[in-house]
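J.: A structural model of the following input is requested.
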Amino acid sequence: SIANYKRKGRDDLGVEIVRSARDVMRAVEPAGRAVSSRAAARVLAGDVIASYTALRGYFRKVKNCIEHVDPHLCNNEGLVARLVDYEETWEIGAKYILDAPMLDAICDVFCQVREAQRLAPELTAMIQDCDVELFMVLPRLVVLCFLADPHAQRAGLVRSLLPHRFGPASSDMAFGKLGPEIEGLCFDFKEAVRLLSASSSCSRGATEEMCHAMVWEELVRQAV
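T.: Below is the predicted model of the structure:
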């Protein structure tokens, strides 16, 4: 922890994080899917394992030339760089990989964003270019996906981002009672869906499933 002067120098990130990351990487994905529903989980887990492997590799390398290691550990740039990467990735791992419901929520939102890319191709360009507008679009998409199904796994992610908008969790409300602001958003969402469903495009003999798809596509396009 002393060597990692560029960050907090934490020493409480236990081995259970890398064990959980390995479990994620070993998990078998059902066949026949074009895009893995667990791709986001594998990226997070891969970062944890990569930082752990890099740190171990550094130690193996310097053990044969220990005389070149500065006793003031914070002066060893290679060690500091690997400790910084280790702490960053493992903090994320502790928050998202160890918490299975939260990891499911991340994967759920990831799949929804991939679907949004299909409906609004310009979103793909934003992601590839790291466009500054992306950081306004992503929160809108996360909230939109949550409003579409407030009781799905994605609710856990929204609660972690907006804890002051939820009440305490209970046996029948795993993610907590919705606060008045969230309830107001849910009402507005349902009203928007009702109005769009009543539009001419949905009233010309379209099935309920087709109408739902058209409404969702319009909402996603507006969010992007």
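J.: tell me the pLDDT of the nearest residue to residue 196 once chain neighbours are set aside.
T.: Spatial nearest neighbour of residue 196, excluding adjacent residues (CB to CB, 6 or more residues apart in numbering): residue 215 at 4.5 Å. Glycine gets a C-beta too; all of them are placed from N, C-alpha and C. Model confidence at residue 215, expressed as pLDDT, equals 87.
J.: residue 215 contacts residue 194, correct?
T.: No. The pair residue 215 / residue 194 is not scored as a contact, 9.3 Å apart, by CB atoms under 8 Å.
J.: and these two? Which one has more around it.
T.: Shown here are residue 215 and residue 194; by other CB atoms under 10 Å, residue 215 has more neighbours (19 against 10).
J.: biggest helix in the chain, by residue count?
T.: helix 39-62 (DSSP state H).
J.: how about low-confidence regions in the protein?
T.: 1-13, 28-36, 169-176, 200-206 (pLDDT under 70).
J.: do that again at 50, thanks
T.: Along the chain, the model assigns pLDDT under 50 to residues 34.
J.: residue farthest from the centroid of it?
T.: Checked against the mean C-alpha position of the chain, the extreme residue using CA atoms, centre = their mean is residue 67, at a distance of 42.8 Å.
J.: if I've got this straight, that one is in a strand?
T.: No. Using DSSP: H, G, I helix; E, B strand; the rest coil, the assignment for residue 67 is helix, not a strand.
J.: who's in contact with the residue nearest in space to the middle of the chain?
T.: Taking CA atoms, centre = their mean, the centroid of the chain lies closest to residue 106, which sits 3.8 Å from it. With contacts taken as CB atoms under 8 Å, 6 or more residues apart in numbering, residue 106 has the following neighbours: 40-41, 44, 96, 157.
J.: I'd like to know which of those residues are buried.
T.: Of all those considered here, the ones buried according to neighbour count by 16 or more other CB atoms under 10 Å are 40-41, 44, 96, 157.
J.: now, which of the residues you listed sits nearest residue 143?
T.: Among those, residue 157 lies closest to residue 143 (CB to CB), at 10.5 Å.
J.: correct me if wrong, but residue 152 is in a helix.
T.: No. Residue state for residue 152 (three-state DSSP) corresponds to coil; a helix is not indicated.
J.: who's in contact with it?
T.: Remark: with contacts taken as CB under 8 Å, 6+ apart, residue 152 is in contact with 108, 146.
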